[in-house]
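Peer 1: Give the three-dimensional model of this entry:
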Amino acid sequence: LSYVDDVYAVSNSAPLTQQAMDRTMRFSLLTQMDICTTVKSHCFSTTRQFEVQVRPWDEGTQSSVAVHPPTYLARRDSFDCLGAMLHARTPGNTAPRIAQRREQALQSLERLQYIPQPAAAREFAAVLSPCSQLLYGSAVMEVPTAQKKTFRRKIADALCPGRTRRAAEAVLHILHKGHVLDPHVAPEYRRIACWARQVNNWAWAVNLSAEAWERRHNLRRGPMALFSNAVQQAGWTWESATTLSFTDEAGMPMVYDAANATEAQKSLMCHTLRWALRSKPLRDLAARRPDFAGVEDGIDGHATRSLLVDENSRLTDYQRGILRSVISGAVATTGRTGMTQLCPYCNMQVPETTRHLFWECPAWQTVRQQHGAAAWNTSQWPACLQLCGIAPTSWTQEPAMQEGPAKKVDFVGKVQSFLVAVERAR
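Peer 2: The predicted structure is shown next:
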């Protein structure tokens, strides 16, 4: 036993409650399991008279024992037990506790920057604790826009530490799972997925959704209002109480009936939802950063990440780190750092931009010849592929991009290997 969550103790008196807590504490000490310090809100009571069937061991007969009247346990401010502070008060304003939870999560993200872990382990650690705390309750309540911007910056820093020029959208939506990590996208994904799950499983959810749909034009607050806004953010339409209409990646119209959806339909809806919610951050990225032009029409995530995740790619950890910097737009040229405007590696007397670094600077002509890049005609390439090694879905002018997924992955891998080689030689 290595992990325990949600431990319950049921009793009918304050002494028995304390005894259960003491036993749990002794168990944690014997097994060397730490119990984290948290703040809970609970009020212990029995609310009505009830009857218990008792079978005495010595007589073998069954009898009824009536317990009355309703008894309430003694109220205290808190129980200092189990390594936790258990508050015995009725739930009130939760905003301070949520703010405290999010502040602790931000501190965890800052510490995560300095932990020497590979990208996969860093993402797992971010999802497991800090991101869950930052987005706690976001399925049913709004997260302020200012907090979303702070959360996004901190999460991108934790996942891609030491690269101040990286694009947060590229880190979250190209290198990682943006529908889980991006505070601008994850709440919308949670709201729609939660609605679909509830409507599929419970009749009361269908009735609630039908009532909300009838008043959909007047919804101003509450979970259903947030759900309606999330549908609009995804570019979808709330057709009826239990159906959504949208277009998939290929532009084909689709209708999703949440009440009667099969597992295959649920999976397809979630995949399409992730694609739809990812489109806006990528469009914003292309508009803000010219070196990412081309991602606004969608990216081929499999081809873009294949060299990073392929164990047979023969990339060292150092080279994988360089590739992550290239894909996230974090290449620190002298023109961007402001140290000098001219390229220090050649005599062309031009600024060192990423385009000049990878494709024009004569200092790296040998690297281009070694990787066959000197023969590529890059004049028609989108900037995202040319400068960041990101494969767009809509661009197929290069013959290798039209010869099937395997050829496309191989070609994008060659481009990325060349970009890594130039940056490493530099």
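
Peer 1: what about residue 308, distance to residue 124?
Peer 2: From residue 308 across to residue 124, the span is 16 Å (Cβ to Cβ, to the nearest Å). Heads up, the C-betas are built off the backbone N, CA and C, glycines and all.

Peer 1: Between those two, which is the more surrounded one?
Peer 2: For residue 308 versus residue 124, the count of surrounding residues by other Cβ atoms under 10 Å is larger for residue 308: 18 against 12.

Peer 1: Is the more buried one within a helix or a strand, and which one?
Peer 2: Per DSSP states H and E, residue 308 falls inside helix 301-309.

Peer 1: what helices or strands is that helix leaning on?
Peer 2: Contacts defined by 3 or more Cβ pairs under 8 Å, 6 or more residues apart in numbering; DSSP states H and E place helix 301-309 against helix 317-327, helix 405-425.

Peer 1: I'd like the average pLDDT over that helix.
Peer 2: Computed over helix 301-309, the mean pLDDT rounds to 88.

Peer 1: the strands in the chain, which residues?
Peer 2: 39-41, 50-54, 63-67, 78-81, 84-87, 237-238, 243-247, 253-257 (DSSP state E).

Peer 1: and the helices and strands packed on helix 301-309 as TSV, adding mean pLDDT?
Peer 2: Below are the helices and strands packed on helix 301-309 laid out as TSV (pLDDT from 0 to 100):
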stretch	mean pLDDT
helix 317-327	88
helix 405-425	89
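
Peer 1: of all those helices, which lies closest to residue 265?
Peer 2: Proximity to residue 265, assessed across the helices and strands packed on helix 301-309 by Cβ to Cβ, is greatest for helix 405-425 (24.4 Å).

Peer 1: now the angle from that closest one to helix 317-327?
Peer 2: 100 degrees (axes from the mean of the first three to the mean of the last three Cα atoms, to 10 degrees).

Peer 1: Just the residues contacting helix 405-425, thanks.
Peer 2: Helix 405-425 is contacted from outside by 300, 302-304, 306-307, 313, 315, 318-319, 322-323, 325-327, 331, 357-358, 364, 367-368, 370-373, 385, 388-389, 391, 398, 400-401, using Cβ atoms under 8 Å, 6 or more residues apart in numbering.

Peer 1: In the chain, which helix is the longest?
Peer 2: What stands out as the longest helix in the chain, according to DSSP state H, is helix 263-288.

Peer 1: picking up where we left off before, go ahead and build a ChimeraX selection from the buried members of the contacts of helix 405-425.
Peer 2: Command for ChimeraX that selects the buried part of the contacts of helix 405-425, burial taken from 16 or more other Cβ atoms under 10 Å:
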select :300,303,304,306,307,313,315,319,322,323,325,326,327,331,357,358,364,367,368,371,373,385,388,389,391,398,401
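
Peer 1: So for residue 263, which of the helices and strands packed on helix 301-309 sits nearest?
Peer 2: Of the helices and strands packed on helix 301-309, nearest to residue 263 by Cβ to Cβ is helix 405-425, at 25.2 Å.

Peer 1: In the closest one, which of the residues would be classed as buried?
Peer 2: Of all the residues in helix 405-425, those buried under the rule 16+ other Cβ under 10 Å are 408-409, 411-423.

Peer 1: need the contact list for the nearest residue to residue 344 once chain neighbours are set aside.
Peer 2: In this structure, residue 344 finds its nearest non-sequential neighbour in residue 334, 6.2 Å apart by Cβ to Cβ, 6 or more residues apart in numbering. The contact partners of residue 334, taken as Cβ under 8 Å, 6+ apart, are 340-344, 351-352.
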